[in-house]
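J.: Have a look; sequence and predicted model below, questions after that.
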Amino acid sequence: MADPLSIIGSIVGMTAACVQSAKALHKLRGAYLDADLTVSAICCECTIMSASLSKIQAKLLTRSITDDGDEGNGGMAVRSTLETALTGCLVIVSVLEREIGLLCPPGLSGTGGLDWVARVKMMWKEDVMKELLGHLRGQQTGLALLLQLLDMWVNETSGIQSGIGAFKLWEY
């Protein structure tokens, strides 16, 4: 199991990768006019994934999932689920970055498109990008469920701890 610092580091790295991918795709809009809808959808999913990862990071910074008492309260299961979700996101974002790198010729500006020779050399991979869009949406759905799990887990363990604190008050 990874420690909280490496989990948060992974989240920060993936958040940055999502933002960079969205920026690179924004530049591609002018180059591949027929791919505007797919590019917009991928940009949107990257932005939403980045926001979800930031929210997960904030929850983890608020409440550590590695406290010794958390193993009995489902902390190990939450940590394992979190690592699985982050691994899935990392794989999808890595593949997306690779595909963007293949589609984005060096020197492509945000305002200008490609000349006709470059357009002939560079082919938009609609099927690959739509498949990646589907995977991004699946990962985003998983992150949304993970956020709900973290909310329930934090509320449950907070309630248990406050109940223990109230019980200790009555002991004295």
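T.: Arrived safely.
J.: Buried residues of the helix or strand in which Ser94 is found, list them for me.
T.: Here Ser94, judged by DSSP states H and E, is contained in helix 75-103. Buried residues in helix 75-103, defined by neighbour count with 16 or more other Cβ atoms under 10 Å: 75, 78-79, 81-82, 85-86, 89, 92-93, 96, 99-100, 103. C-beta here means a position set from N, CA and C on the backbone, and glycine is covered the same way.
J.: Can you tell me the element Cys18 falls in?
T.: helix 4-31.
J.: Apologies, that question was intended for His135.
T.: helix 126-171.
J.: so for that helix, what's the average pLDDT?
T.: Average pLDDT, helix 126-171: 76.
J.: do stretch 38-58 as well
T.: Mean pLDDT, computed over stretch 38-58, is 88.
J.: Alpha carbons of that stretch, as PDB, please.
T.: Coordinates of each C-alpha in stretch 38-58 appear next as PDB, following Å, rounded to 0.1, in the frame of the first residue of the first chain:
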ATOM      1  CA  THR A  38     -14.300  15.000 -30.000                       C
ATOM      2  CA  VAL A  39     -11.600  17.500 -28.900                       C
ATOM      3  CA  SER A  40     -14.100  19.600 -27.000                       C
ATOM      4  CA  ALA A  41     -15.500  16.500 -25.200                       C
ATOM      5  CA  ILE A  42     -12.000  15.200 -24.300                       C
ATOM      6  CA  CYS A  43     -11.000  18.700 -23.000                       C
ATOM      7  CA  CYS A  44     -14.200  18.700 -20.900                       C
ATOM      8  CA  GLU A  45     -13.500  15.300 -19.400                       C
ATOM      9  CA  CYS A  46      -9.900  16.200 -18.600                       C
ATOM     10  CA  THR A  47     -11.100  19.300 -16.800                       C
ATOM     11  CA  ILE A  48     -13.700  17.400 -14.800                       C
ATOM     12  CA  MET A  49     -11.200  14.700 -14.000                       C
ATOM     13  CA  SER A  50      -8.700  17.300 -12.800                       C
ATOM     14  CA  ALA A  51     -11.400  18.900 -10.600                       C
ATOM     15  CA  SER A  52     -12.400  15.500  -9.200                       C
ATOM     16  CA  LEU A  53      -8.700  14.600  -8.400                       C
ATOM     17  CA  SER A  54      -8.300  18.000  -6.700                       C
ATOM     18  CA  LYS A  55     -11.400  17.300  -4.600                       C
ATOM     19  CA  ILE A  56     -10.000  13.800  -3.600                       C
ATOM     20  CA  GLN A  57      -6.700  15.400  -2.700                       C
ATOM     21  CA  ALA A  58      -8.500  18.000  -0.500                       C
END
